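Peer 1: Fold the following for me, if possible:
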Amino acid sequence: MTRIVRRLSAACALSIAALLSTSPLLAQAAPAAATPFNSTERPLELGVLAQGGVGVTDERNDFKFFMLGGHVGKVLTPNVGPGIVHGNFEYAIEVFPFWQSYTPTFERRLCTAPGACSAPYKTGGTYTGVSITPILLRWNFTGSGHRKITPWAQGGGGLIWTNHKYPGFGGPPYDEVNDGYAANTSVWNFTPQFGVGMHYFLTPRRSIDFGANAVHISSSSLGDKNPGVNASIQFSVGYTWWKK
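Peer 2: Modelled structure (predicted):
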């Protein structure tokens, strides 16, 4: 009799466990997605970031950069594409209200004619300005296979305004070409760029972001001279809030 009671008790316990596991009210909820990227949502990205780097060409390898700003992006497509390129397309804008470039100082003269030059004065040094990139096209690789990491690649273009004509230009040696009255650069420069990076999702709505960008700086001959910065490598780190 005792054995029968034990068997009935065990059967009842198993039945109750099965009933609880299949109940829509008591069953455990499925784990939340690790990222906001799925087939239905087109999330909005709001982030803050810091970026800095150096010039990498021979004539600009002593140039340094540092900036603070924000990133606003909107995912425009569902996840599409095969294999490792599976992902979505995002349009974004970046603004750096604090932008600085640290350059070597050197002496320059203002020459109005051969042999008619002013006393030497310093140029170069630290330039402060504002940078905006109104066109930033990014592809988020959601098919990377990692649950919390989403790599991305991007390309874009923007412009910089600086408080002095950037970069500094002139002698020595002093001559009409390098130091003449028509030998200046511009306070406006353009920034075509390309970059790669990744989002590391702390939650489906919060991520830490890392990037590496190749940035070209050129006035497109808005000034009398256009020495520019042919190439710089700039690294960024940021924090992002993702909104539905």
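
Peer 1: Sticking with residue 236, tell me its helix or strand.
Peer 2: Applying DSSP states H and E as the criterion places residue 236 in strand 229-243.

Peer 1: Revised request: answer the last question for residue 136.
Peer 2: Residue 136 is located in strand 121-140, with elements delineated by DSSP H and E.

Peer 1: Report the next helix or strand after that strand in sequence order.
Peer 2: Assigned by DSSP H and E, the successor of strand 121-140 is strand 149-166.

Peer 1: Give the buried residues for that next one.
Peer 2: For strand 149-166, the neighbour count (16 or more other Cβ atoms under 10 Å) marks 150-152, 154, 156, 158-160, 162, 165-166 as buried. No exception for glycine: its C-beta is placed from N, CA and C like everyone else's.

Peer 1: for the record, mean pLDDT for the strand holding residue 136?
Peer 2: On average, the pLDDT along strand 121-140 is 96.

Peer 1: Neighbouring strands - and their directions - for that strand?
Peer 2: The strands that strand 121-140 pairs with in its sheet are strand 88-108 (antiparallel), strand 149-166 (antiparallel) (by DSSP bridges).

Peer 1: next one: the first one to chain centre, how far?
Peer 2: It stands for strand 88-108. 11 Å (Cα atoms, centre = their mean, to the nearest Å).

Peer 1: how about that strand: buried residues?
Peer 2: For strand 88-108, the neighbour count (16+ other Cβ under 10 Å) marks 88-90, 92-96, 99-101, 103, 108 as buried.

Peer 1: Nearest to residue 34 among those?
Peer 2: Nearest to residue 34 among the buried residues of strand 88-108 is residue 88, at 15.4 Å by Cβ to Cβ.

Peer 1: residues contacting that closest one?
Peer 2: By Cβ atoms under 8 Å, 6 or more residues apart in numbering, the residues touching residue 88 are 37, 75-80, 139-140, 142.

Peer 1: Mind putting the buried residues of strand 88-108 into a markdown table with pLDDT and distance to residue 114?
Peer 2: Compiled in a markdown table, the buried residues of strand 88-108 are given as follows (pLDDT from 0 to 100; distance: Cβ to Cβ, whole Å):
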| residue | pLDDT | distance to residue 114 |
| --- | --- | --- |
| 88 | 95 | 61 |
| 89 | 96 | 57 |
| 90 | 97 | 56 |
| 92 | 98 | 51 |
| 93 | 98 | 49 |
| 94 | 98 | 46 |
| 95 | 98 | 46 |
| 96 | 98 | 42 |
| 99 | 98 | 38 |
| 100 | 98 | 37 |
| 101 | 98 | 33 |
| 103 | 96 | 28 |
| 108 | 87 | 16 |
